[in-house]
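Enquirer: below are the sequence and a predicted model; questions follow.
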Amino acid sequence: MPREDILKTLDTEFDALLKTVDDLSDDQMTTVWFGEWGVRDILAHVAGWHREMVGAFERIARGERPVPEGVDYSDADAVNARFTEAQRTLSAAAMVEELKASKEAFVAAARTVPEDRFAEGKTAYRILHTTGIDHYQEHMPPIQEWRQREGI
């Protein structure tokens, strides 16, 4: 599948994620209901991974390994905690704006990677799916269910 087709799917799924958080207040965004997280934390986590994978795309574009020597993502909980803590003070509106900005940086970095790196099974393809498309699809249903339960 060509990169631009994958990016169109990414945009569609990202827009769907944004709709799930549309019009939430600061209080609603910070209400903890997803383990130790609220919606703001989920969005901070997604934005953090966007920002982290910008560097991976930049390295792939230079012909390097996507993950630099000494970096280990095997403790995802620790990485996620770092991402959410970094955004802990943002308002709902500011968190949504950061999510949008991080996604734009993610897409811009993806466009610097040679097209052949987006063939199914290649690293750039997997990053667009796991950090983007699949990630958005993972978090939308719990947010929708929470909003329905709470009548929001």
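Expert: Cool, got the structure.
Enquirer: residue boundaries of the helices in this protein?
Expert: Listed in chain order, the helices of the chain (DSSP state H) span residues 3-21, 26-30, 39-61, 76-86, 92-110, 123-127, 134-150.
Enquirer: can you list the buried residues in the helix-or-strand element of the chain with minimal mean pLDDT?
Expert: Within the chain, judged by mean pLDDT, DSSP states H and E, the helix or strand with the poorest mean is helix 76-86; its value is a mean of 89. Judged by neighbour count (16 or more other Cβ atoms under 10 Å), helix 76-86 contains these buried residues: 79-81, 83-84. For the C-beta atoms, the positions are set from N, CA and C on the backbone; glycine is no exception.
Enquirer: what sits against Asp77?
Expert: Contacts of Asp77 were listed using Cβ atoms under 8 Å, 6 or more residues apart in numbering, and none were found.
Enquirer: distance check, it against Val71.
Expert: In this structure, Asp77 lies at 16 Å from Val71, with Cβ to Cβ, to the nearest Å as the measure.
Enquirer: tell me the contacts of the residue nearest the centre of the chain?
Expert: The centroid of the chain falls nearest to Val46 when counting by Cα atoms, centre = their mean (2.9 Å). Contacts were defined as Cβ under 8 Å, 6+ apart; by that measure Val46 touches 17, 99, 102, 135-136, 139.
Enquirer: check it and give its pLDDT.
Expert: The predicted structure scores Val46 at 97 on the pLDDT scale.
Enquirer: buried ones among the contacts of Val46?
Expert: Buried subset of the contacts of Val46 (neighbour count, 16+ other Cβ under 10 Å): 17, 99, 102, 135-136, 139.
Enquirer: excluding sequence neighbours, find me the nearest residue to His129.
Expert: Distances taken as Cβ to Cβ, 6 or more residues apart in numbering put Ile6 closest to His129, at 7.7 Å, once the chain neighbours are dropped.
Enquirer: check contacts around that neighbour.
Expert: So Ile6 contacts 118, 125, 128-129, 133 (Cβ under 8 Å, 6+ apart).
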